[in-house]
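A.B. asks: Model the following, please.
(one chain, ligands or ions: 2)
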Amino acid sequence: MPAASSRQGSTQFDTDSIFYMPQQWSPSSWKDHPIKQQPAWPDEAAYDNALKHVASMPPLVFAGEARSLQANLAKVAAGNAFLLQAGDCAESFEEFSADNIREKLRVILQMAVVLTYSLGVPVVKVGRIAGQFAKPRSSDTEIVGDLELPSFRGHIVNHPTTTEAARLPDPDRLVQAYHQSASTLNLVRAFTKGGFAALDRVHAWNQEFVASSEEGQRYDNMATEIDRALRFMSAIGMDTDTNSNLREVDVWTSHEALLLGYEESLTRRDSTSGNWYDCSAHMLWIGERTRELDGAHVEFLRGVSNPIGCKVGPTMTGDEVIALCEALNPAMIPGRLTLISRMGADIVEDCLRPLLRAVKDAGHPVVWACDPMHGNTFTAENGRKTRHLDAVIAEIEGFVRAHRAEGTWPGGIHVELTGDDVTECLGGVDAIVDSDLDDRYETICDPRLNARQGLELAFRTAESIRDSLNTSNS
Ligand code: PEP
Ligand code: CO
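C.D. replies: Ligands and ions are numbered 1, 2, ... in the order given. Prediction:
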């Protein structure tokens with residue numbers, strides 16, 4: 001009997017295989033399950049009012065868009081496309097500007113061009129953007145001097161300043177997060193359809209990166225190859241003036257579905273299919289700390305029809321991962337479920353292989369993505385939380401080796417980055433070291449790759465997967 005059957009009820013399948021109707025589920029059935037990582041809202045009436053306000057607002061995304069993303073992810077699950085999921089650890093109410101959004105988008109587009117060219121498959125681009133606000137924390141409170149303060153849980157909840165007043169959860173922030181998500185998404189849509197994403201432009205930015213440092217020249221060969229391919233296309237009459245495929249791209253939105261009250265308030269029934277969609281983003285994921293099979297987060301996400309993700313950390317067993325697949329994707333719909341492994345560079349290969357085998361043997365058509373960030377965080381001597389680009393890349397290489405050994409497709413990467421020139425992670429072509437961290441350490445949560453580190457990561461990931469494909473073909 002599948003472990004998921006510990007939940008009440010069964011699942012009824014729709015005749016059209018991209019939908020299923022979970023039984024005994026409603027947008028609020030998560031309330032009957034144990035829940036973790038929720039703020040203690042001090043004023044319940046104000047909290048309810050804020051949620052009512054959000055519930056009265058238009059959806060941020062439409063069901064049809066979520067279905068298109070799922071169809072694209074189905075191609076990833078089949079080994080015919082690659083997922084690039086990237087963006088902030090936690091979006092900020094303060095660092096919110098057109099420049100900030102544009103630069104983040106720019107690095108995602110640059111990375112996508114490198115990956116598309118070198119892997120020879122479409123790259124599905126999903127931002128940790130337009131809603132990635134809420135953060136799980138290792139402890140509910142934090143000791144600062146003689147004060148015990150509620151932990152900072154993201155700008156959608158409270159403020160990081162270390163005073164009682166700043167840390168008090170404020171429900172007005174839920175409404176502000178909705179509005180910021182709406183304007184961010186609006187700009188993302190404008191940039192991606194309005195010419196900013198034109199392929200030749202994005203490639204020119206990549207060439208600037210390659211030319212701008214000696215270390216960057218290591219990627220000169222690949223950049224030159226891409227350049228030739230673009231010239232060839234232009235010579236045969238395919239260019240950005242004549243072909244909208246070269247001018248416009250889809251960038252989808254995603255975030256961790258952590259605050260279930262907020263997610264519920266944006267969950268709407270789609271009039272075409274009759275199914276429920278969480279319209280706060282195209283894709284939602286469950287974090288490593290809230291993935292209990294009987295917990296509220298699994299309960300909520302099993303019932304929405306968006307493509308969903310779930311983080312998979314080093315303690316996960318084969319039986320557990322299968323139980324999760326059965327709970328979250330009982331109908332085995334390709335592209336519905338992305339498993340995002342986040343193990344740590346040293347252990348990824350050993351931890352991941354049994355899970356890949358179990359999922360493959362059970363026939364679950366998942367996307368496997370590698371989050372090389374969250375298992376490689378440490379505190380530098382000056383007290384700054386950081387990550388080294390070498391460890392981040394080493395985790396991706398281990399992830400690729402594990403897939404090669406098991407005959408599965410290393411479907412994508414899931415990274416925390418910003419388009420700004422921050423100094424939060426070590427290493428990269430600019431050789432950021434411990435003593436540089438204080439220069440521009442701007443994150444409100446985890447350390448992010450800066451734009452140059454993000455692009456280098458794309459070149460190195462492309463090399464690693466290309467080498468792995470070449471060896472398996474030879
Ligand atoms: C995150 O992705 O920001 C995060 C908190 O990750 P995890 O759930 O894997 O710890
Ligand atoms: Co993070």
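A.B. asks: Point out where the stretch 51-200 of the chain drops to low pLDDT.
C.D. replies: Along the stretch 51-200 of the chain, no part satisfies pLDDT under 70.
A.B. asks: Just want the residue of it that's nearest ligand 2.
C.D. replies: Cys89 (3.6 Å; Cβ to the ion). Using the backbone N, CA and C atoms, a C-beta is placed for each residue, glycine as well.
A.B. asks: State the phi and psi torsions of that residue.
C.D. replies: phi -70, psi -50 (degrees, to the nearest 10).
A.B. asks: Which residues of the chain lie near ligand 1?
C.D. replies: Residues of the chain lying near ligand 1 by Cβ under 6 Å from any ligand atom: 89, 136, 256, 287-289, 311, 342, 374.
A.B. asks: among those residues, who's most crowded?
C.D. replies: Within these, Glu256 tops the neighbour count with 27 neighbours, counted by other Cβ atoms under 10 Å.
A.B. asks: I figured that residue was touching Arg289, is that so?
C.D. replies: No: in terms of Cβ atoms under 8 Å, Glu256 does not count as a neighbour of Arg289; the distance is 9.8 Å.
A.B. asks: between the two, what contacts are shared?
C.D. replies: Jointly contacting Glu256 and Arg289 under the rule Cβ atoms under 8 Å, 6 or more residues apart in numbering are Pro136.
A.B. asks: Do you have the strands of the stretch 351-474 of the chain handy? List them.
C.D. replies: Using DSSP state E, counting those that start in this stretch, the strands found in the stretch 351-474 of the chain span residues 367-370, 378-379, 385-386, 412-416.
A.B. asks: got it, and the stretch 201-350 of the chain?
C.D. replies: 251-256, 267-269, 276-278, 283-286, 308-312, 337-341.
A.B. asks: For those, give me CSV that also has mean pLDDT.
C.D. replies: Formatted as CSV, these follow (pLDDT from 0 to 100):
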stretch, mean pLDDT
strand 251-256, 98
strand 267-269, 98
strand 276-278, 98
strand 283-286, 98
strand 308-312, 98
strand 337-341, 98
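A.B. asks: how about these in JSON lines, adding distance to Gly407?
C.D. replies: Shown next, in JSON lines, are the strands of the stretch 201-350 of the chain (distance: least, Cβ to Cβ, whole Å):
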{"stretch": "strand 251-256", "distance to Gly407": "28"}
{"stretch": "strand 267-269", "distance to Gly407": "38"}
{"stretch": "strand 276-278", "distance to Gly407": "34"}
{"stretch": "strand 283-286", "distance to Gly407": "26"}
{"stretch": "strand 308-312", "distance to Gly407": "19"}
{"stretch": "strand 337-341", "distance to Gly407": "17"}
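A.B. asks: nearest to Tyr117, of the ones you listed?
C.D. replies: Taking Cβ to Cβ, strand 251-256 is the member of the strands of the stretch 201-350 of the chain nearest to Tyr117, at 18.0 Å.
A.B. asks: Direction included, what does that closest one pair against?
C.D. replies: strand 123-128 (parallel), strand 283-286 (parallel) (DSSP bridges).
A.B. asks: Could you confirm whether the longest one reaches ligand 2?
C.D. replies: Pointing back at strand 123-128 there. No: with Cβ under 5 Å from the ion as the criterion, ligand 2 is not reached by strand 123-128; the gap is at least 8.8 Å.
A.B. asks: Distance of Glu214 relative to ligand 1?
C.D. replies: Per Cβ to the nearest ligand atom, to the nearest Å, Glu214 is found 33 Å from ligand 1.
A.B. asks: thinking again about what came up before, and of the strands of the stretch 201-350 of the chain, who's closest to ligand 2?
C.D. replies: strand 251-256 (8.9 Å).
A.B. asks: Count the neighbours of Asp241 for me.
C.D. replies: 10.
A.B. asks: I'd guessed Arg247 sits against Thr192; true?
C.D. replies: No: using Cβ under 8 Å, Arg247 makes no contact with Thr192, being 9.7 Å away.
A.B. asks: Report the set of residues contacting both of those two.
C.D. replies: In contact with both Arg247 and Thr192: no residue, using Cβ under 8 Å, 6+ apart.
A.B. asks: rewinding a little: mind checking which of the strands of the stretch 201-350 of the chain is nearest Asp43?
C.D. replies: So among those, strand 267-269 is nearest, using Cβ to Cβ, at 23.6 Å.
A.B. asks: who does that closest one touch, helix- and strand-wise?
C.D. replies: Helices and strands touching strand 267-269, by 3 or more Cβ pairs under 8 Å, 6 or more residues apart in numbering; DSSP states H and E, are strand 276-278.
A.B. asks: contact partners of the strand it packs on?
C.D. replies: 27, 59, 61, 63, 66, 257, 263, 266-270, 284, 301, 303-306.
A.B. asks: Can you list the strands that it pairs with?
C.D. replies: Counting by DSSP bridges, strand 276-278 is paired with strand 267-269 (antiparallel).
A.B. asks: in the stretch 251-400 of the chain, what residue is nearest ligand 2?
C.D. replies: For the stretch 251-400 of the chain, Cβ to the ion, closest residue to ligand 2: His374, 5.9 Å.
A.B. asks: Which residue, neighbours along the chain excluded, lies closest to that residue?
C.D. replies: In space, and not counting its chain neighbours, His374 is closest to Arg342: 4.3 Å by Cβ to Cβ, 6 or more residues apart in numbering.
A.B. asks: and Ala40, how many residues sit next to it?
C.D. replies: With other Cβ under 10 Å as criterion, Ala40 counts 8.
A.B. asks: Check Ser212 too.
C.D. replies: By other Cβ under 10 Å, 13 other residues sit near Ser212.
A.B. asks: likewise Pro160?
C.D. replies: Neighbour number of Pro160 under other Cβ under 10 Å is 16.
A.B. asks: Tabulate the strands paired with strand 251-256 (CSV), appending distance to Asp350 and mean neighbour count.
C.D. replies: Formatted as CSV, the strands paired with strand 251-256 follow (distance: least, Cβ to Cβ, whole Å; neighbours: other Cβ atoms under 10 Å):
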stretch, distance to Asp350, mean neighbour count
strand 123-128, 28, 26
strand 283-286, 24, 26
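A.B. asks: Let me have those in a markdown table, adding distance to Ala229 as columns.
C.D. replies: A markdown table is the format used below for those (distance: least, Cβ to Cβ, whole Å):
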| stretch | distance to Ala229 |
| --- | --- |
| strand 123-128 | 15 |
| strand 283-286 | 30 |
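A.B. asks: among those, which is nearest His53?
C.D. replies: Judged by Cβ to Cβ, the one of the strands paired with strand 251-256 that comes nearest to His53 is strand 283-286, at 20.8 Å.
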